[in-house]
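A.B. asks: Need a 3D model of the sequence below.
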Amino acid sequence: MIYGFYTTSFSTTRLKTDQSVYEDILSGQSGQIQQESGEDVELDDGAFYKLYNMWCAIVDIQVGDRVVVASGDFVGTYQVKEVKTLNTKGSNQHLEILLGLPK
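C.D. replies: As a prediction, this is how the structure comes out:
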């Protein structure tokens, strides 16, 4: 199963409705993160990011959330730029998430 490849622990935060403070949403989650490219990319918000792909179980993650990795190879706070649900055969359904690490 795909879940055996989820070796990076992460948590998430989301802006409160008043848009001033991030609040904790998920903790103790695990996924797989891989760098997409080594070059900085300008996204539609006008900022530059290094892009990463993350795969994880289907959980409450939305565009605009922050993914926080506190240990391991991918330490940092990433912006969630895109979320796709992949419905593969059997019990391998998961999320594929595009993350941006701000420059």
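
A.B. asks: contacts, neighbours, all on C-alpha from now
C.D. replies: OK.

A.B. asks: Identify the residues contacting the worst-scoring helix or strand of the chain on mean pLDDT?
C.D. replies: In the chain, no helix or strand scores lower on mean pLDDT, DSSP states H and E than strand 41-42, which sits at a mean of 92. With contact meaning CA atoms under 8 Å, 6 or more residues apart in numbering, strand 41-42 is reached by 48-51.

A.B. asks: which residues does the nearest residue to Phe10 once chain neighbours are set aside bridge with?
C.D. replies: Of all residues not flanking Phe10 in the chain, Val69 sits nearest, at 4.7 Å (CA to CA, 6 or more residues apart in numbering). Counting by DSSP bridges, Val69 forms beta bridges with Gly76.

A.B. asks: Val69 and Ser11: what is the separation?
C.D. replies: Separation of Val69 from Ser11 (CA to CA, to the nearest Å) stands at 7 Å.

A.B. asks: picking up where we left off before, the residue nearest to Phe10: what's it in contact with?
C.D. replies: When contacts are counted by CA under 8 Å, 6+ apart, Val69 touches 8-11, 75-77.

A.B. asks: can you rerun that using 6 Å?
C.D. replies: Residues in contact with Val69 (CA atoms under 6 Å, 6 or more residues apart in numbering) are 10, 75-76.

A.B. asks: Could you turn the buried ones of the residues you listed into a ChimeraX selection?
C.D. replies: In ChimeraX, the members of these classed as buried (16 or more other CA atoms under 10 Å) are selected with the following command:
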select :10,76
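
A.B. asks: low-scoring pLDDT stretches of this structure, where are they?
C.D. replies: 1, 88-91 (pLDDT under 70).

A.B. asks: again, only this time at 90
C.D. replies: Residue ranges of the chain with pLDDT under 90: 1-5, 17-20, 37-39, 43-46, 58, 86-93, 103.
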